[in-house]
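Novice: Build me a structure from this.
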Amino acid sequence: MPSPAQPDPAAVPDDAAAPEESDAPEESSASEESSAPGDAAARPVRYRTRHTTNYEYGDGVSVSQHVVHLGPRDNPRQTCSSVTLTITPEPAVREAWLDYFGNPAEYFAVQEPHRSLLIESVVELEVTPPEPLEADSAPAWEEVRDTARVPRACDAIEANEFLFDSVMVKASPDLAAYAEPSFPPGRPAVEAVLDLMHRIHGDFTFDSTATTVATPLADVLAHRRGVCQDFAHLGVGCLRSIGLPARYVSGYLRTHPPPGRPRLVGADMSHAWFSVWCGTETGWVDLDPTNDKPVDADYITLAWGRDYDDVSPVRGVILGGWGHTLSVQVDVEPLTD
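Specialist: Below you'll find the model as predicted:
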């Protein structure tokens, strides 16, 4: 299905254009201690998630158009049973489709004057824990690299498109140099990417004030500070720089309250991690450098793409507004424990 028409950006004042979470990415500051150990989760977990985005504009908006990625994709480890997307004011136009990467997406246009915009997504789904990751289960990383460069099987052909530069992640000698210690000759691909994840977690500091969505990846590498979006981009950039296919994944991370404390409604946040193709037999491996762990049943996948620009939860343009305030609340509620 063709992409919906967009208004001419030149017709929108610079300070009125509102690419939603692009200007205020939602991040999880959860450390590895804040997630419960994965040894208790060998069975599927059902979740209800609620993602609320609220804009309050400084002046009236005459028309707004947005594209959202707020419905989770089905994949081998998760199945969605229901999605309800509520938008206030009611849009005059709505159209849902699967984007190029197979992610559920929806376009909408509000064509009446408004001073606020409320977008709420409520999802119910089931997440199955992946099989335990065996560090020596994949071929040597050079073999995976060579297979991806000259793909013949369908999965390798699909992986090949994640080798190339994208809007926010470009391969570089500096990224390759950072990755190099994790990838000595002959090392199994899974073992190597796990080591890269550990090194990113150890070398970089989570700092929500250090970057914005526009911060170049080179600056993140130089200053060694950022948020989960930056660390996911860093992993993707390192892997592409040495010839391994890698993609950016957006979603949610269930957080666990301290022992004896109740779960706080609305305390969860959006999250991001990277996924790397480790050959035909192993397939894609999802790793979270922010929390230094492979993805498990605590993680809910919304979308994947080449980088954040492909899968921003909400983005759009408005006519009018003259400034806005943005508030976002995410709740990840387990329905089974």
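
Novice: Every contact and neighbour count from this point should use C-alpha atoms.
Specialist: Fine.

Novice: Torsion angles phi and psi at residue 163?
Specialist: Per-residue torsions, residue 163: phi -90, psi -20 (degrees, to the nearest 10).

Novice: For residue 323, see how far away it is.
Specialist: 38 Å (C-alpha to C-alpha, to the nearest Å).

Novice: before we move on, what SS does the nearest residue to residue 324 once chain neighbours are set aside have?
Specialist: Spatial nearest neighbour of residue 324, excluding adjacent residues (C-alpha to C-alpha, 6 or more residues apart in numbering): residue 57 at 4.2 Å. Following DSSP: H, G, I helix; E, B strand; the rest coil, we place residue 57 in the strand state.

Novice: In contact with residue 57, which residues?
Specialist: 115-116, 321-325 (C-alpha atoms under 8 Å, 6 or more residues apart in numbering).

Novice: what about 6 Å?
Specialist: Contact partners of residue 57, counting by C-alpha atoms under 6 Å, 6 or more residues apart in numbering, are 115-116, 321, 323-324.

Novice: Which ones among those map onto strands?
Specialist: 115-116, 324 (DSSP state E).

Novice: which among those residues gets closest to residue 75?
Specialist: Among the ones in strands among the contacts of residue 57, residue 116 lies closest to residue 75 (C-alpha to C-alpha), at 34.5 Å.

Novice: Can you report how many residues neighbour that closest one?
Specialist: Residue 116: 19 surrounding residues under other C-alpha atoms under 10 Å.

Novice: roughly how far apart are it and residue 316?
Specialist: Distance from residue 116 to residue 316, by C-alpha to C-alpha: 14 Å.

Novice: same question, residue 215
Specialist: From residue 215 to residue 316 the distance is 20 Å (C-alpha to C-alpha).

Novice: Residue 53 now?
Specialist: 13 Å.

Novice: Can you show me the strands along the stretch 101-250 of the chain?
Specialist: 104-110, 114-127, 205-206, 225-226, 246-253 (DSSP state E, counting those that start in this stretch).

Novice: for the fourth one, the distance to its chain's centre please.
Specialist: Offset of strand 225-226 from its chain centre (C-alpha atoms, centre = their mean, to the nearest Å): 17 Å.

Novice: Mind listing the strands it pairs with, and their directions?
Specialist: strand 205-206 (parallel) (DSSP bridges).

Novice: repeat for the last one
Specialist: Partner strands and pairing direction for strand 246-253 (DSSP bridges) are strand 270-277 (antiparallel), strand 299-305 (antiparallel).

Novice: what's that strand in contact with?
Specialist: Taking C-alpha under 6 Å, 6+ apart as the rule, strand 246-253 contacts 162, 236, 270-276, 298-307.

Novice: likewise the fourth one?
Specialist: Residues outside strand 225-226 that contact it (C-alpha under 6 Å, 6+ apart): 204-207, 210-211.

Novice: Now for the residues you listed, which sits with the most neighbours around it?
Specialist: residue 206 leads those on contacts (other C-alpha under 10 Å) with 20 neighbours.

Novice: all helices for the stretch 201-337 of the chain, in order.
Specialist: 217-223, 228-241, 308-311 (DSSP state H, counting those that start in this stretch).

Novice: Report the contact partners of residue 134.
Specialist: Residue 134 neighbours (C-alpha under 6 Å, 6+ apart): none.

Novice: one more time with 8 Å, if that's ok
Specialist: By C-alpha under 8 Å, 6+ apart, the contact set of residue 134 is residue 190.

Novice: Could you do residue 176 as well?
Specialist: Counted by C-alpha under 8 Å, 6+ apart, residue 176 has contacts 238-239, 241-242.

Novice: One more pass at 6 Å, please.
Specialist: Contacts of residue 176 (C-alpha under 6 Å, 6+ apart): 238, 241-242.

Novice: So which residues make contact with stretch 296-312?
Specialist: So stretch 296-312 is in contact with 72-73, 103, 127, 129, 247-254, going by C-alpha under 6 Å, 6+ apart.

Novice: For those residues, give me a markdown table that also has pLDDT and distance to residue 260.
Specialist: As requested, these are arranged in a markdown table below (pLDDT from 0 to 100; distance: C-alpha to C-alpha, whole Å):
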| residue | pLDDT | distance to residue 260 |
| --- | --- | --- |
| 72 | 96 | 31 |
| 73 | 93 | 34 |
| 103 | 97 | 38 |
| 127 | 96 | 25 |
| 129 | 91 | 25 |
| 247 | 98 | 38 |
| 248 | 98 | 35 |
| 249 | 98 | 32 |
| 250 | 97 | 30 |
| 251 | 96 | 27 |
| 252 | 96 | 23 |
| 253 | 93 | 20 |
| 254 | 90 | 17 |
